[in-house]
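Engineer: Requesting a structural model of the entry that follows:
(4 chains, ligands or ions: 4)
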There are 2 protein chains.
Amino acid sequence: MRLTEKEVVTILRQHGYKLTWQRRVVIRTVVSTQDHHTPTAIYEKVHQDYPNIGLVTIYRTLEILARLNLICELHAGGSCHSYTIAAPGHHHHLICSNCGRVVDFTGCELEELQQSLSKETGFRIDGHLLEFIGLCQTCQKETITK
Amino acid sequence: MRLTEKEVVTILRQHGYKLTWQRRVVIRTVVSTQDHHTPTAIYEKVHQDYPNIGLVTIYRTLEILARLNLICELHAGGSCHSYTIAAPGHHHHLICSNCGRVVDFTGCELEELQQSLSKETGFRIDGHLLEFIGLCQTCQKETITK
DNA sequence: TATGTAAATGATAAATTATTTCACTTAGAA
DNA sequence: TTCTAAGTGAAATAATTTATCATTTACATA
Ligand SMILES: [Mn+2]
Ligand SMILES: [Mn+2]
Ligand SMILES: [Zn+2]
Ligand SMILES: [Zn+2]
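Structural biologist: Ligands and ions are numbered 1, 2, ... in the order given. Prediction:
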């Protein structure tokens, strides 16, 4: 079950953030759709009803909501522009969040999950995105010494 | 095993693309590191040795290499700005590539894989990114009628 | 309910990032 | 060597994101 407007508002205030009408409107917009949207898209939607709202406020609000895990950042289908050399065949990546090192791996074994998801939702699933994120050995040591 | 410069070059030419020195330099740069890089980062790296190369060429070359699956686009740790409302607890997303509809799901069961990966690589793994991409029922029908 | 204050907003500017255009250059086939 | 389609880079433009700061506002407190 997804978070409701009320739940989001409550958590936001529990963390000491003020509830401005601008924030409420952004929250309402995000909650009231099953789609995902970019800051610009949300801005344009909101801007129709509230022409005075600023794009910066959208950015700031989304940043807060994301930090509090009240909204999720999506990747697949978007256009991230960070590249690494490929390996042949189906594989995925383990990435060091500190130095950017990338390790390839195979054997994701997601076919079963994909099948059941497809059955439950009626989606025709074309692919998946899987990445692990962490700290490589080198960066772990560095973190300790610091 | 990752692709080598030679392999990338061969496949590039097999697809009818000319091998310019600019393209070779970009390929060499991407191949010669285990990290991932943005177009700007690659540009700055290449630009040191070849001040005449244009940033546009970097973009164009990366786009081609990505389309041919010779390089991989990474997401975790990057900053994609497309959001959807969250659900409580650990969950992931199934996304329609046509209309953007998002369906949440749980039960990724990646702990085992994460364990073995951590053991093999020495990484301390902090999290994972998992998304399925496909077509929702509605968009499947639309595709058929068209 | 009125007041005070820190937090938040939005106008503006600036910085990044990405795309388009087009005259010139070049890889590679013939 | 010649020819030509493909590719390049300079420049302009567009799009996205961040920074600054005077003004406004939420809300705790009196
Ligand atoms: Mn991404
Ligand atoms: Mn998971
Ligand atoms: Zn590292
Ligand atoms: Zn759809």
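Engineer: Give the next helix or strand downstream of the longest strand along chain A.
Structural biologist: Assignment by DSSP state E gives strand A:124-135 as the longest strand of chain A. Next helix or strand after strand A:124-135 toward the C-terminus (DSSP states H and E): helix A:137-145.
Engineer: I'd like the mean pLDDT over that next one, please.
Structural biologist: Per-residue pLDDT values over helix A:137-145 give a mean of 84.
Engineer: Return the set of buried residues in the longest strand of chain A.
Structural biologist: A:125, A:128, A:129, A:130, A:131, A:132, A:133, A:134, A:135 (16 or more other Cβ atoms under 10 Å in any protein chain shown). In short, each C-beta sits where N, CA and C put it, glycine included.
Engineer: Next, the angle from the worst-scoring helix or strand of chain A on mean pLDDT to strand A:124-135.
Structural biologist: Every helix and strand of chain A was ranked by mean pLDDT, DSSP states H and E. The lowest is helix A:137-145, at a mean of 84. Helix A:137-145 runs at 40 degrees relative to strand A:124-135, counting by axes from the mean of the first three to the mean of the last three Cα atoms, to 10 degrees.
Engineer: For helix A:137-145, give me every contacting residue.
Structural biologist: For helix A:137-145, the external contacting residues (Cβ atoms under 8 Å, 6 or more residues apart in numbering or on different chains) are A:96, A:98, A:99, A:101, A:135, B:121, B:122, B:123, B:124.
Engineer: filter those to the buried ones?
Structural biologist: A:96, A:101, A:135, B:121, B:123.
Engineer: follow-up on the earlier one: helices and strands around the longest strand of chain A, which ones?
Structural biologist: Packing partners of strand A:124-135 (3 or more Cβ pairs under 8 Å, 6 or more residues apart in numbering or on different chains; DSSP states H and E): strand A:92-96, helix A:111-121, helix B:111-121, strand B:124-135.
Engineer: gap between residue A:39 and residue B:19?
Structural biologist: For residue A:39, the distance to residue B:19 equals 40 Å [Cβ to Cβ, to the nearest Å].
Engineer: same check, this time on residue A:21
Structural biologist: 58 Å.
Engineer: Comparing the two, which residue is more hemmed in?
Structural biologist: Using other Cβ atoms under 10 Å in any protein chain shown as the criterion, residue A:21 and residue B:19 rank with residue B:19 on top: 12 against 9.
Engineer: Point me to the helix or strand that includes the more buried one.
Structural biologist: Short version, using DSSP H and E: residue B:19 is in no helix or strand.
Engineer: I'd say it and residue B:9 touch.
Structural biologist: Yes: Residue B:19 is in contact with residue B:9 according to Cβ atoms under 8 Å; the separation is 6.0 Å.
Engineer: if we can go back for a sec, direction included, what does the longest strand of chain A pair up with?
Structural biologist: strand A:92-96 (parallel), strand B:124-135 (antiparallel) (DSSP bridges).
Engineer: Which of these sits closest to ligand 3?
Structural biologist: Closest approach to ligand 3 among those is made by strand A:92-96 (3.1 Å; Cβ to the ion).
Engineer: and the next helix or strand after the closest one, anywhere near chain B?
Structural biologist: Downstream of strand A:92-96, the next assigned helix or strand under DSSP H and E is strand A:102-105. Yes: using Cβ under 8 Å from any Cβ of the partner chain, we find that strand A:102-105 touches chain B at A:102, A:103, A:104, A:105.
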